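Participant: Everything below, folded, please.
(chains A and B)
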Amino acid sequence: MNFVKDIYLIQPELVLSIGVLVSLLVDIVSTKSTKFLVPIFSLIALSITAFFVLTNFYNEGEAFKMLSITSLSRAFDIAILLGAAITTLLAWDREGEHHFLVLSATLGAMVLVKSISFISFILSLELFSFAVIGQIALSKDLAGTGAALKFFILSVIASSFIILGAALLYGIFGTFYFPKIFLETSFKPIFQAKPLFFIISFILIFVGLAFKISAVPFHFWTPDVFRGAHSSVAGFIATVSKASAFGFLVNFLYIIFGNVPYLWGEILIWLGAITMLVGNLAALGENDIKRMLGYSTIAHAGYILVAFGIGTDTSIGAAIFYLIVYTLMTLGAFAVVNSIGENNSSLENYKGLSKNNGIQAFLLLIFMVSLAGIPPTAGFVGKFYLFSEVIKSGEYALAIWAFLNGVISAFYYIRPVFYAYGREPKYEVKSALNPAIMLAFIVGFVGILYLGLAPSALLDFISSAFTH
Amino acid sequence: MNLLDILTYVFALTAILGAFTVVMHPNPLYSALGLLLNFFSLAVLYMLLKSPLLSLIQIIVYSGGIVVFFLFVVMLLNLRSPQSDRDFSFKGIFALIFFLLLAIFSIFGIITFNLQPLQPAYMSAKVIGKYMLTDGLFAFELSSFVLLVAIIAAVALVKKEESK
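Facilitator: Numbers count the residues shown, from 1 in each chain, chains lettered A, B, ... in the order given. Got it, this is the predicted structure:
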């Protein structure tokens, strides 16, 4: 028993778990007038964790036979921590428990992307889901409770699919440990000759994960939950949940099913192609900006799924870059929604926004342009790298398809901007601009323009995760 | 086929029967009792797999604790009137088809795969305790976080709104 090396490897997770526990104490100690201490502490904990992630970026290894710590998983950690920090800013005024739940969901997500055992996978997934359900339900109105119930039931169904698939795999191999499954499939040709069992368990587990990344046809919950949840929580589900599920998908596809890539490569590409079309088409008719952003996350999940289906190192790198960019721009858009008001999410309220709320209207323009993938924003660079990976792999039809989808998406992204600048105000919208929202705006704005104009630093950093 | 095999099949059958009762019975009280039957059958199966501790935990925690809570809730909410809104629905048909396909493929997969029977190892309290504090330590600690989050979220949800 030598845990020293294992504990050395999981320093960031340990730091974050201490942060989770201390945030509870801070919540108890803080009074009504010092309520702001909890989110400040939460941000400090996330920053220290991010510091440890960056300093341990190249430390690789296996811990406790349950986690595989690689530079790749650390790159996903950066996307997760970024999303969690911005959502903490958006949820500044909410209860102290909310920030505790954000921290613990982040812990669950960080463990999830490194899981190479079904035990840690299912436990961290449950940790994440419970914390998110709590966050949704904390807005105690009817819409929030309904959204929480919907998310709860769907998470439970997704988990039960995953557990059934894991049980089937355990029935074949007698182990929960992914590398051992990989070894067994390498040396026994029967698994390649008769992959029926494999296909069933793959489908079951993938269905569960598809719920999390809201891939078609398991996407129906997304707009409803986004509409009912607080915008910070919706942003959290849109970014952190996706980053963690995609991070786990790397382990899942390349370790367990690494010997049978012909099983899932085509499936993922087709699923991604359909997902982006359905998300974009459904978003066209949406008159509520939260629901529209819900459909937009579905479409973006489609782009990332395609990159996973291609499955080269560079395409995964492009997917991680896209995830980070996507985190910045989606949370920026949710920050605008947050400052306009949770209950003013109908697009009617965005008419003539530039007259009274110039800052929000301008930022809405930037974030929507970036989501649509128009230069000089980061959204363009992300899509550019993603699509060039698709072209490099020789899937020209897919590249054209993805490009056409980008064109469709421009229609509904530009509509709120057009309303904000081109129409007369219909309602008086009182917006709130507290320092936390301003900080979120600045992070999103600077991040998007910086990554749009000088993406090479982050790209080099991500590709160093593969090549170091 | 010896006595243990017969017992295994009998209790596997009652476990499935109990599960069907939970889903199909119109009266929630009987559904809860079906759950009890299912849990008890699973406990016997654990016993047959040489894990007495797990079997006892199954009876104490699930049958003794959770089913009793279910019964309390059923009694409190007074859900006794049977609801008969079981109409023909395409969703139900789809679910049935999916379930049947899954079952057929699983059985077919087991037959083609020629699975070896499970070799049960004697799982005493000592073995389980040692596993929890050595190999399973990380999962053990992680599950403590899961429980903590569930507790805090539940408390935060039922907490009364403070006057602002």
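Participant: May I ask which helix or strand of chain A has the lowest mean pLDDT?
Facilitator: The weakest-scoring helix or strand in chain A, judged by mean pLDDT, DSSP states H and E, is helix A:190-193 (a mean of 62).
Participant: what's the following helix or strand after that one?
Facilitator: The C-terminal neighbour of helix A:190-193 among helices and strands, as given by DSSP states H and E, is helix A:196-213.
Participant: Packing partners of the helix or strand A:M292 falls within?
Facilitator: Assigned by DSSP H and E, A:M292 belongs to helix A:289-310. Where contact means 3 or more C-beta pairs under 8 Å, 6 or more residues apart in numbering or on different chains; DSSP states H and E, helix A:289-310 is packed against helix A:196-213, helix A:221-228, helix A:231-236, helix A:242-251, helix A:261-284, helix A:313-340, helix A:378-392, helix A:396-422. Where C-beta positions appear, they are placed from N, C-alpha and C, glycine not excepted.
Participant: how about the residues of chain B near chain A?
Facilitator: Neighbours of chain A within chain B, by C-beta under 8 Å from any C-beta of the partner chain: B:102, B:105-106, B:108-110, B:112-113, B:115, B:134-139, B:142-143, B:145-146, B:148-150, B:152-153, B:155-157, B:161-162.
Participant: Please pick the buried ones from the residues you listed.
Facilitator: B:106, B:109, B:113, B:136-139, B:142-143, B:145-146, B:148-150, B:152-153, B:156 (16 or more other C-beta atoms under 10 Å in any protein chain shown).
Participant: what's around residue 144, how many residues?
Facilitator: The chain I'm using is chain A. Using other C-beta atoms under 10 Å in any protein chain shown, the number of residues around A:G144 comes to 20.
Participant: hmm, I had chain B in mind actually
Facilitator: Residues lying near B:S144 (other C-beta under 10 Å) number 11.
Participant: And B:K91, by the same measure?
Facilitator: Around B:K91 there are 7 residues (other C-beta under 10 Å).
Participant: got it, and the one 10 residues further on?
Facilitator: The tally of other residues near B:L101 (other C-beta under 10 Å) stands at 11.
Participant: Likewise for A:K5?
Facilitator: That count, for A:K5 with other C-beta under 10 Å as the rule, works out to 10.
Participant: And A:G379, by the same measure?
Facilitator: Applying other C-beta under 10 Å, I find that A:G379 has 28 neighbouring residues.
Participant: got a list of what A:S354 touches?
Facilitator: A:S354 is in contact with A:A361, A:F362, A:A420, A:Y421, counting by C-beta atoms under 8 Å, 6 or more residues apart in numbering or on different chains.
Participant: That one sits in which helix or strand?
Facilitator: Assigned by DSSP H and E, A:S354 falls in helix A:353-356.
Participant: Show me what counts as buried in that helix.
Facilitator: For helix A:353-356, the neighbour count (16+ other C-beta under 10 Å) marks A:L353, A:S354 as buried.
Participant: for that helix, the distance to its chain's centre please.
Facilitator: Chain-centre distance of helix A:353-356: 31 Å, with C-alpha atoms, centre = their mean, to the nearest Å.
Participant: Whether stretch A:19-36 contacts chain B - can you check?
Facilitator: Yes: using C-beta under 8 Å from any C-beta, we find that stretch A:19-36 touches chain B at A:V20, A:L24, A:K32.
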